[in-house]
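J.: got a predicted structure plus its sequence, pasted below:
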Amino acid sequence: MQQHLSTPSTAGLRMLRSLPNLGRGLFKTCKRVSGAMPVAAGVAHASVKSRTLEDMKFDNTFVRELPGDKVQTNQLRQVEDALYSSVQPTPTGTEPYLVAYSKEVAELLDLDPSECERPEFALVMSGSAPLLGSQPYAQCYGGHQFGQWAGQLGDGRAITLGEVVNSKGQRWELQLKGAGKTPYSRMADGRAVMRSSIREFIASEAMEALGVPTTRALCCVGTGDGVYRDMFYNGNVKMEPGAVVCRVAPSFVRFGTFQLPVSRGGLQTDLVKLLVNYIIKHHYSHLLEVPEGNTRYVAFLKEVVERTGRLAGLWQALGFVHGVLNTDNMSILGLTIDYGPYGFMDAFDPLFTPNLTDFGGRRYAYRNQPEACQWNCVMLANALFSAGVVEKEEAEQALTRYAEEMMECYNGRMAAKLGLKTPDQPLLQELLTLMVQSKADFTNTFRALAHIPTTLERSNISSSAAGNGSSSSGKGVALLEAAQPLDSTTAGERAAAEAALAAGIPQRLLDALALDSLAAEPSLIDSWSAWLRVWRGRLAEESVPDKERMQRQQQASPKFVPRNHLLQYAIEAAEAGDFSEVNALLDICRRPYDEQPDVDSKYS
């Protein structure tokens, strides 16, 4: 029977429930936990040269070292005493085609990027042709979904081809999402559509460029087949273009991979220790220096908890909402994984969730993400404790690291977004409150602050943004620079914009605010003006030259994120056979912190 640990205090995480009691923490740059660990000793490193598809070097340790399903038929069933089922992708019988690929991920694999343009590439990456050296399988795991135990879940439409080892000795799993049914497909068809595949492809590469630990994506290919989907879960089923995204990560093991054997009990619990040893050997190899046994396992749990805390801190600082933080969607490596109904906030709203099925409880809304991730860490610790891998008191102590790491990362990142060397909680709290009241764009507000001089002469207020690549898409610009017709705003909004500029609010910041909010509550203009004065005073106290300070802010405050409407533009074009918008968005997201002045204003 599964036992349970006490849930650690969430006092430091509740800052997003009432804006925004952000807790304490010294400034520290968030540690990066991304990329693959070196391959285990005994596997030769390849020479440093680009490879063809046929020359990719596979070393499939997951299927070689861990127990697999003894049943070889690909049929729906409960899979016992195994961590995976061998399964082949199912060809659609149609002609697949390339939508887009990431040259950066190709290079990670030592794959010549030109290989991605071969006709054979789309065949392989759609699952229509085998890849030499691969040993395809679907992983077996369970999970808590929206807080309720769901039993066996598993890879219902994801098939891992195997592990590619590059010339640096790094190990990368290739996984096809949408390549057909597996024993874990339940009532689904094992397929994916163009819409979801493009969203995952773009997000994976954008998050890497933003500095967030993430799974990667090599490519998105269309299958040439149609797939029936009910996009809004309202009974309106329609056929959509099918697609497959090739996901890439050091490992796709999840919290739920450890939970399922424990839930079944008996000898299956032994799978947990086998899996922990495997993950430590290949992905936390530095822990092999820790004495074997309980001490090593506690160190493992502690590091997983810390990585997850830092990941949540980065999400919060970027206004990113995952949307489906079930335990089966939590990476044991602390990576962002399973991009479903994710979203970057436009107007700042702590209750924002991009998941239609979460509108009622908002369990995974922005303000609740930190506690959801912490709860998931507790569930992982419960599994390890119930399997006899860690002791109760040590596990509970390891869990305390979550809040500490999350807050340290979040506070440090938010201080950097304000141009400060040390966090100022009251200043940040007042800013976030104003942003909610003004329906301020989360990304654009912080980017605007990164262009405001410490000392701002009133005569330069209205033009300060123009010299810094100010967006011309906001309503403030429409009012004063005629970028949009004047009839797109009301008389009250025009008056509010003029009053805001007169009060010292720079144009670029004004562009990030909702004019209807300022018009409805004119006192917000004075509040923003007062906040700017206090903020500039803090900047003056730290005496960092503006050029240095602004550069630091810009490197913490992206100008470009893959917003939902931009993804939709790319999806609609791709569904019509035009992939230029997908590639344009991918290219822009490669440099999210650069100004990129030649880029169309619609992207920011």
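T.: That came through, no problem.
J.: which regions of the stretch 1-150 of the chain sit below the pLDDT cut-off?
T.: For the stretch 1-150 of the chain, applying pLDDT under 70 flags the ranges 1-4, 6-48.
J.: all strands for it, in order.
T.: 84-86, 97-101, 137-139, 142-145, 148-152 (DSSP state E, counting those that start in this stretch).
J.: residues in contact with the residue nearest to the spatial centre of the chain?
T.: Nearest to the geometric centre of the chain sits Thr336, at 4.3 Å (C-alpha atoms, centre = their mean). By C-beta atoms under 8 Å, 6 or more residues apart in numbering, Thr336 lies in contact with Met207, Val212, Pro213, Thr214, Thr215, Leu311, Trp315, His322. For every residue, glycine as well, the C-beta is placed using N, CA and C.
J.: 10 Å - rerun?
T.: By C-beta atoms under 10 Å, 6 or more residues apart in numbering, the residues touching Thr336 are 34, 203-204, 207-208, 212-215, 311, 314-315, 320, 322, 329-330, 342.
J.: identify the bridge partners of it.
T.: Thr214 (DSSP bridges).
J.: and what about Glu541, helix, strand or coil?
T.: helix (DSSP: H, G, I helix; E, B strand; the rest coil).
J.: tally of neighbours for it?
T.: Neighbourhood size, Glu541 [other C-beta atoms under 10 Å]: 10.
J.: for it, what are its contacts?
T.: Glu541 neighbours (C-beta under 10 Å, 6+ apart): Leu420, Asp424.
J.: rerun that using 8 Å as the cut-off
T.: Neighbour list for Glu541: empty [criterion: C-beta under 8 Å, 6+ apart].
J.: that one and Val534, how far apart?
T.: 11 Å (C-beta to C-beta, to the nearest Å).
J.: now do Ala365
T.: 29 Å.
J.: the more surrounded of those two?
T.: Remark: of Ala365 and Val534, Ala365 carries more neighbours, 21 against 14, as counted by other C-beta under 10 Å.
J.: strands of the chain, residue ranges please.
T.: 84-86, 97-101, 137-139, 142-145, 148-152, 158-165, 171-177, 192-193, 216-229, 238-249, 320-321, 343-344 (DSSP state E).
J.: let's have the ones you listed in a markdown table, adding distance to Gln268 and mean neighbour count.
T.: Converted to a markdown table, the strands of the chain look like this (distance: least, C-beta to C-beta, whole Å; neighbours: other C-beta atoms under 10 Å):
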| stretch | distance to Gln268 | mean neighbour count |
| --- | --- | --- |
| strand 84-86 | 14 | 23 |
| strand 97-101 | 40 | 21 |
| strand 137-139 | 15 | 27 |
| strand 142-145 | 11 | 22 |
| strand 148-152 | 12 | 14 |
| strand 158-165 | 21 | 25 |
| strand 171-177 | 24 | 24 |
| strand 192-193 | 30 | 24 |
| strand 216-229 | 32 | 23 |
| strand 238-249 | 26 | 23 |
| strand 320-321 | 35 | 26 |
| strand 343-344 | 37 | 22 |
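J.: in JSON lines, list those along with distance to Leu420.
T.: Formatted as JSON lines, the strands of the chain follow (distance: least, C-beta to C-beta, whole Å):
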{"stretch": "strand 84-86", "distance to Leu420": "48"}
{"stretch": "strand 97-101", "distance to Leu420": "39"}
{"stretch": "strand 137-139", "distance to Leu420": "43"}
{"stretch": "strand 142-145", "distance to Leu420": "38"}
{"stretch": "strand 148-152", "distance to Leu420": "42"}
{"stretch": "strand 158-165", "distance to Leu420": "42"}
{"stretch": "strand 171-177", "distance to Leu420": "38"}
{"stretch": "strand 192-193", "distance to Leu420": "43"}
{"stretch": "strand 216-229", "distance to Leu420": "32"}
{"stretch": "strand 238-249", "distance to Leu420": "34"}
{"stretch": "strand 320-321", "distance to Leu420": "22"}
{"stretch": "strand 343-344", "distance to Leu420": "23"}
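J.: between those strands, which one is closest to Leu428.
T.: When these are compared by C-beta to C-beta, strand 320-321 sits nearest Leu428, at 17.9 Å.
J.: rewinding a little: please report the distance of the residue nearest to the centre of the chain from Asn234.
T.: For Thr336, the distance to Asn234 - C-beta to C-beta - is 28 Å.
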